[in-house]
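Colleague: build me a model from this:
(one chain, ligands or ions: 1)
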Amino acid sequence: MTDLFNNPLGPVLVERKSKPARTGQQLQIAPEIKSIAFDQVEILNSILTLFVSGQTFDCDATYGYGEFYKEIARPEHCFDIDPKKPEATRGDSRNLPLPSSSIKSLMFDPPFVVSNPKTGSEAIMARKYGGYKNITDLRAHYKNSLDEFARVLRPRGILVFKCQDFAHGRSNYFIHDEIMSMARESGFKAVDLFILLAKNRAKGAWDHQNCARKFHSYFWVFRKMQKTRSGSGVKS
Ligand SMILES: C[S@@+](CC[C@H](N)C(=O)[O-])C[C@H]1O[C@@H](n2cnc3c(N)ncnc32)[C@H](O)[C@@H]1O
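Modeller: Predicted coordinates for the structure are as follows:
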């Protein structure tokens, strides 16, 4: 069996098992889509292949520097509360200028840094990508945005939520787990989870380490559930 961690970037091929090959007939070989990668473009392409019938997402609600779109097509709607690129329009992920049920897919990569006033060690990331004063603000932004995405996405629409667990003070925040619960409350169902591995990370500024330094982030894939006919609940 191939060991992904000893050969993380090696192409892994699987045989399609549905039709056994007849003598003289070539085996159909498909590239295997993996749940981990060192390259976010690979993850984005995997998500597009598996869940989005199109070249790219319809909307990016937190466009930033547009780093996702160096190799894949740019979405039709690119918003950021503080646009850094001319192609982005000023827009708030909690109140998007889009009609209800109007888009099929949406990318969300919100800030993930909560500033620590004592160390200031997160300041560089916060300056580049934005940050929160406290965990309550982070949670409120994530939940209010999820509610808004449930409004603008069509039933069965796809939401991709990039996030990162983090340590703050002396506690670990497994925020990807909280996001799954929040998304469910907002009417989404988790359909996949990809893990982006980092080879290097900027060194932390602490003198005492009390939990593992995170060398990974997540790409959640959620599907908006359909309302039942009675409107009394949701079904996938
Ligand atoms: C982690 S960065 C996104 C990076 C982006 N994926 C890229 O490729 O550069 C987070 C972005 O979210 C934006 N942001 C923060 N709060 C927002 C909000 N309420 N609505 C829209 N964008 C917001 C920030 O300005 C920042 O550009």
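Colleague: who does the residue nearest the centre of the chain form a beta bridge with?
Modeller: Per Cα atoms, centre = their mean, the C-alpha nearest to the average position across the chain is that of residue 162, at 2.5 Å. Residues in a beta bridge with residue 162, per DSSP bridges, are residue 219.
Colleague: need the residues of the chain near the ligand, please.
Modeller: 61-62, 64-68, 79-82, 84, 92-94, 109-111, 129-130, 141 (Cβ under 6 Å from any ligand atom). For every residue, glycine as well, the C-beta is placed using N, CA and C.
Colleague: go again with 8 Å.
Modeller: Selection of the chain residues close to the ligand by Cβ under 8 Å from any ligand atom yields 60-69, 79-84, 91-94, 107, 109-112, 128-130, 141, 145, 162.
Colleague: mind giving me the PyMOL select for these, buried ones only?
Modeller: Remark: buried members of the residues of the chain next to the ligand, expressed as a PyMOL selection using 16 or more other Cβ atoms under 10 Å:
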select buried, resi 60+61+62+63+64+66+68+69+79+80+81+91+93+94+107+109+110+111+112+129+130+141+145+162
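Colleague: next, residue 143: secondary structure please.
Modeller: Under the three-state scheme (DSSP: H, G, I helix; E, B strand; the rest coil), residue 143 adopts helix.
Colleague: nearest spatial neighbour of it, chain-adjacent residues omitted?
Modeller: Distances taken as Cβ to Cβ, 6 or more residues apart in numbering place residue 182 nearest to residue 143, at 4.9 Å, with adjacent residues excluded.
Colleague: again, but for residue 133
Modeller: Ranked by Cβ to Cβ, 6+ apart and with sequence neighbours excluded, the top spatial neighbour of residue 133 is residue 115, at 6.5 Å.
Colleague: is it true that the one you found touches residue 135?
Modeller: No. Contact criterion Cβ atoms under 8 Å: residue 115 and residue 135 do not qualify, at 10.9 Å.
Colleague: can you give me the helices in the chain?
Modeller: Remark: helices assigned in the chain by DSSP state H are 40-51, 123-129, 135-152, 175-186.
Colleague: where among these is the average confidence lowest?
Modeller: Lowest mean pLDDT within those: helix 123-129, a mean of 71.
Colleague: next one, pLDDT for the residue of the chain found nearest the ligand please.
Modeller: Here the residue of the chain nearest the ligand is residue 64; by Cβ to the nearest ligand atom that distance is 2.7 Å. Per-residue pLDDT puts residue 64 at 97.
Colleague: what distance do you get for it to residue 58?
Modeller: Residue 64 sits 17 Å away from residue 58, going by Cβ to Cβ, to the nearest Å.
Colleague: for residue 78, list each beta-bridge partner.
Modeller: Beta-bridge pairing for residue 78 (DSSP bridges): residue 60.
Colleague: can you pull the contacts of residue 69?
Modeller: Going by Cβ atoms under 8 Å, 6 or more residues apart in numbering, residue 69 touches 56, 60, 75.
Colleague: quick check, nearest of those residues to residue 195?
Modeller: Comparing the contacts of residue 69 against residue 195 with Cβ to Cβ places residue 60 closest, at 20.7 Å.
Colleague: contacts for stretch 159-168, please.
Modeller: Where contact means Cβ under 8 Å, 6+ apart, the residues beyond stretch 159-168 that reach it are 47, 57, 105-110, 112-114, 116, 135, 146, 149, 153, 172-176, 179, 183, 188, 210-211, 214, 216-224.
Colleague: among these, which ones are buried?
Modeller: Among the contacts of stretch 159-168, those scoring as buried are 47, 57, 105-110, 112-114, 116, 135, 146, 149, 153, 173, 175-176, 179, 183, 188, 217-224 (criterion: 16+ other Cβ under 10 Å).
Colleague: count the neighbours of residue 170 for me.
Modeller: Look at residue 170: counted by other Cβ atoms under 10 Å, it has 8 neighbours.
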